[in-house]
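**Q** predicted model, plus sequence, below.
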Amino acid sequence: MFLNIALIVIGFICLIKGGDFLVDGATAVARKAKVSEMVIGLTIVGFGTSAPELLVSLQAALQGSSGLAIGNVVGSNIANIALILGVSALIVPCPTDNKTIRIDAPFMVISVLSFVVVAMTGTISRLAGIIGFALLLCYVIWQVVDSRKKEKLSAASGASEIQADEAGKKPMSVWLALFLIVAGGSLLVMGANWLIDGASAIARELGEYFGTPAEEVERIVGLTIVAVGTSLPELFASVMAALKGKTEMAIGNIIGSVTFNILCVIGLSSAICPIQNSDAGFVNDYAVMSILTVALWVFLKTNHLLERVEGGVLLASYIGYIAYTLI
């Protein structure tokens, strides 16, 4: 028990420093590459912090643990929206732009709803996974090209936010920025893994003590402990971004992570090994994920801002969901 608690503590420390390094490095890359912080949040930060979900779900799919593979992604998306953005908005209200409302958020909503429709058929096939992953690649390429084009136009008109933000600051070298991204991402993955190992071991002991069936333990662990554990990189990256005033990166991180979880984590996992029984026991969880995803889009459309009250609603929803799942 002591070793498991120690793993949890060490994991938290790694997550805190990893989130700090990743945000600093990603911000520097945004300035060097002349792309917006929103795009960096959608790509480097969003995808980097979702690496634990990919590793966990891929391994679970290969082992035939569909409950853990799907529960990890669904639970992580619910935590990303309700827990992480809820906490981030309570710290600092998070503004967003027209592009996020018109393109990025709708793409996230379509990805989530399409996944639910496919999953309810009972099997996520290899073809569905390949299509999802291909769509993600096209989306990322378009994001980078479009952002660079807009930044060039802004720089030519003297209105570039990236250039203005650099005023009076010594720019970070590319190599240092890349090192911080790699180091931060590595710390996030290691920290999440250690925390999951410790928490899962404690959960197994509690499951044996209370006599809970193995299948139900797998589903609950996937939706709660593993989902929250693999979402901790997003939590710390988004909170650090909010504390540093990079609120667009906090929003982009979550939208990117939710999209990545559906199209890449599930996409790659099912492309390698089709996921069976994808409709078993997850109907309520799919409904909660869908409602929260649409709600986030609606919240962002109101005043182009995720306000503290809306953050409180999201956080309260997550607490209620976890209580319902456990009970």
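**A** Nice, thanks for sending it over. Numbers count the residues shown, from 1 in each chain.
**Q** can you give me the strands for the stretch 51-200 of the chain?
**A** For the stretch 51-200 of the chain, the strands defined by DSSP state E, counting those that start in this stretch cover 94-95, 123-124.
**Q** just the ones you listed: most buried one?
**A** strand 123-124 (a mean of 22; mean count of other CB atoms under 10 Å). (Glycine included, C-beta is placed from N, CA and C.)
**Q** tell me which strands that one pairs with, and in which orientation.
**A** strand 275-276 (antiparallel) (DSSP bridges).
**Q** ok, residue 79 touching residue 231?
**A** Yes. Here residue 79 reaches residue 231: they are 4.1 Å apart, a contact under CB atoms under 8 Å.
**Q** centre of the chain to the helix or strand containing residue 227, how far?
**A** Secondary-structure element containing residue 227, defined by DSSP states H and E: helix 227-243. On the basis of CA atoms, centre = their mean, to the nearest Å, helix 227-243 sits 8 Å off its chain's mean C-alpha point.
**Q** and the angle for the next helix or strand after it with helix 227-243?
**A** Later in the chain than helix 227-243, the nearest helix or strand by DSSP H and E is helix 247-260. Relative orientation of helix 247-260 and helix 227-243, computed by axes from the mean of the first three to the mean of the last three CA atoms, to 10 degrees: 160 degrees.
**Q** and helix 247-260, how far from the chain's centre?
**A** 7 Å.
**Q** and residue 218, what pLDDT?
**A** For residue 218, the pLDDT comes out at 60.
**Q** check residue 89 too.
**A** Residue 89 is given a pLDDT of 90.
**Q** most centrally placed residue in the chain?
**A** residue 257 (3.2 Å; CA atoms, centre = their mean).
**Q** picking up where we left off before, mind putting the strands of the stretch 51-200 of the chain in JSON lines, mean pLDDT and distance to residue 135 included?
**A** Output for these, formatted as JSON lines (pLDDT from 0 to 100; distance: least, CB to CB, whole Å):
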{"stretch": "strand 94-95", "mean pLDDT": "85", "distance to residue 135": "26"}
{"stretch": "strand 123-124", "mean pLDDT": "90", "distance to residue 135": "15"}
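**Q** could I get these as a markdown table with distance to residue 114?
**A** Formatted as a markdown table, the strands of the stretch 51-200 of the chain follow (distance: least, CB to CB, whole Å):
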| stretch | distance to residue 114 |
| --- | --- |
| strand 94-95 | 26 |
| strand 123-124 | 11 |
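**Q** and residue 3, which of the ones you listed is closest to it?
**A** strand 123-124 (36.3 Å; CB to CB).
**Q** just want the angle from the longest helix seen in the chain to helix 227-243.
**A** Looking across the chain with DSSP state H, the single longest helix is helix 174-210. When the same axes, to 10 degrees is applied, the directions of helix 174-210 and helix 227-243 differ by 140 degrees.
**Q** and helix 174-210, what does it pack against?
**A** Contacting helix 174-210 under the criterion 3 or more CB pairs under 8 Å, 6 or more residues apart in numbering; DSSP states H and E are the following elements: helix 2-33, helix 46-48, helix 51-62, helix 214-221, helix 227-243.
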